[in-house]
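**Student:** Structure, please.
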Amino acid sequence: MAIWYKTGTVDVTQSSKNVTGTGTSWKTDPVGPVSVGDLFTYDGSKFYEVENITSDTALVLNIAYAETTAAGVVYGIVSNLATTTNAALASRVSSLVSGWQTREDEMIAWLGDLGTTTVTDNVGTVHIVKTLRQIENDYRSNHRLFFMGQI
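**Tutor:** Below is the predicted model:
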């Protein structure tokens with residue numbers, strides 16, 4: 001099973017090993033960050049091994065990029081499971097399960113509680129939102145006031 005990372009876009013420069021991302025989270029993605037040894041491709045025909053992940057928006061290839069310079073393009077990084085240790089794989093699975101459990105708990109609270117609750121998006125940002133029961137109560141309250149001529 002291949003695990004692809006395709007979030008955001010990249011700038012690649014011919015004869016350079018550096019890749020710059022926009023809207024990427026290569027180091028801190030909660031589902032699975034990019035790892036040394038993963039395979040980068042811009043067009044799906046040539047793959048480059050990732051040598052280093054400098055930040056969420058910068059990585060280094062093991063050899064210089066040989067194709068035409070391009071900016072703001074879609075790309076893919078596939079996990080190279082041959083270079084993944086059992087411990088690293090177990091850690092990634094654990095992180096995934098933990099994220100799912102968090103979303104499950106948040107969804108239960110959103111469906112059943114009254115007031116507001118927190119919801120975590122796919123990049124780990126926490127948002128405060130009204131619960132479904134609160135939205136329903138607000139709607140009924142406003143709807144009742146409208147028909148009673150108070151709005």
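**Student:** In the protein, where is pLDDT below threshold?
**Tutor:** Segments of the chain classed as low confidence (criterion: pLDDT under 70) are 1-2, 31, 83-84, 123, 144-151.
**Student:** Quick check: longest helix in it by residues?
**Tutor:** helix 86-112 (DSSP state H).
**Student:** Mind listing what's buried along the longest strand seen in the chain?
**Tutor:** Taking DSSP state E as the criterion, the chain has its longest strand at strand 47-55. For strand 47-55, burial by neighbour count (16 or more other CB atoms under 10 Å) applies to 48, 50, 53. C-beta coordinates here come from the backbone N, C-alpha and C atoms, glycine included.
**Student:** name the helices or strands packed onto that strand?
**Tutor:** If you count contacts as 3 or more CB pairs under 8 Å, 6 or more residues apart in numbering; DSSP states H and E, strand 47-55 packs onto strand 39-41, strand 58-61.
**Student:** Starting from it, tell me which strands it pairs with and how they run.
**Tutor:** strand 39-41 (antiparallel), strand 58-61 (antiparallel) (DSSP bridges).
**Student:** Make TSV out of those and add distance to Gly21 and mean neighbour count.
**Tutor:** Shown next, in TSV, are the strands paired with strand 47-55 (distance: least, CB to CB, whole Å; neighbours: other CB atoms under 10 Å):
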stretch	distance to Gly21	mean neighbour count
strand 39-41	10	18
strand 58-61	7	19
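**Student:** now for those, which one comes closest to Ala87?
**Tutor:** strand 39-41 (20.9 Å; CB to CB).
**Student:** So what touches that closest one?
**Tutor:** With contact meaning CB atoms under 8 Å, 6 or more residues apart in numbering, strand 39-41 is reached by 19, 47-50, 59, 61, 75-78, 80.
**Student:** quick revisit: distance to Val97 added to the strands paired with strand 47-55, as a markdown table?
**Tutor:** Converted to a markdown table, those look like this (distance: least, CB to CB, whole Å):
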| stretch | distance to Val97 |
| --- | --- |
| strand 39-41 | 25 |
| strand 58-61 | 27 |
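**Student:** Any idea how many residues pack against Thr9?
**Tutor:** Using other CB atoms under 10 Å, Thr9 has 16 other residues around it.
**Student:** typo on my end, it should be Trp110
**Tutor:** Trp110 sits with 20 neighbouring residues when counted by other CB under 10 Å.
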